[in-house]
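Novice: following is a predicted model, sequence given first.
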Amino acid sequence: MKICLLCIGNKMPDWVVAGTNEYRRRLQADVKLSLLEIPLAKRTKGVTINTCLAQEGAAMMASLSREDYVVSMEVHGKRFDTPALAERINYFKSDGRSIKFLIGGPDGLAVDCQSRANESWSLSNLTLPHPIARILLLEQLYRGFSILKGHPYHRV
């Protein structure tokens, strides 16, 4: 199974890189994981948030193909408990799908990206900083795969 995190923002703090790398390492036995970072659009005086979102969205859309199954990560997306997330992962595994998760920047995702998504998921009712969303998503994916394998990582 292939999973790609397509994220707005690069030059992450060391703690984000370390957290991301930790879960990438843990997931390597279960999934071929990639992380594609798209730089934030330059936010300057006279440039609107909508212009920045459109630039970021165009770059994200250019990284997607027709065959990609796309899941946008959004505050108002579908919420899962961890066992249900594991079931969803199992479905994707049995279906043979590769997934691209879209994680927006500080201003969220462009409308085009939201429209392109096959599904929209939420990690929390809280608005999370996009660097934390990366780590949290990877941890939950790892937890879901652990449940599927009967690994004791997940405890109720």
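Specialist: Cool, got the structure. Numbering: from 1, shown residues only.
Novice: residue boundaries of the strands in the protein?
Specialist: Using DSSP state E, the strands of the chain run over 2-8, 32-38, 69-79, 99-103, 119-122.
Novice: what's the longest helix in the chain?
Specialist: helix 130-149 (DSSP state H).
Novice: go through that one and flag the buried ones.
Specialist: Within helix 130-149, the residues scored as buried using 16 or more other CB atoms under 10 Å are 130-131, 133-147. For every residue, glycine as well, the C-beta is placed using N, CA and C.
Novice: report the central residue of the chain.
Specialist: By CA atoms, centre = their mean, the chain has its centre lying nearest to residue 101, at 3.7 Å.
Novice: test of understanding: give the bridge partners of that residue.
Specialist: Per DSSP bridges, the residues bridged to residue 101 are residue 5, residue 71.
Novice: ok, it touching residue 33?
Specialist: No: applying CB atoms under 8 Å as the test, residue 101 and residue 33 come out as separate, 10.3 Å apart.
Novice: tell me how many other residues surround residue 121.
Specialist: Neighbourhood size, residue 121 [other CB atoms under 10 Å]: 18.
Novice: with residue 105 instead?
Specialist: Number of residues near residue 105 (other CB under 10 Å) recorded here: 21.
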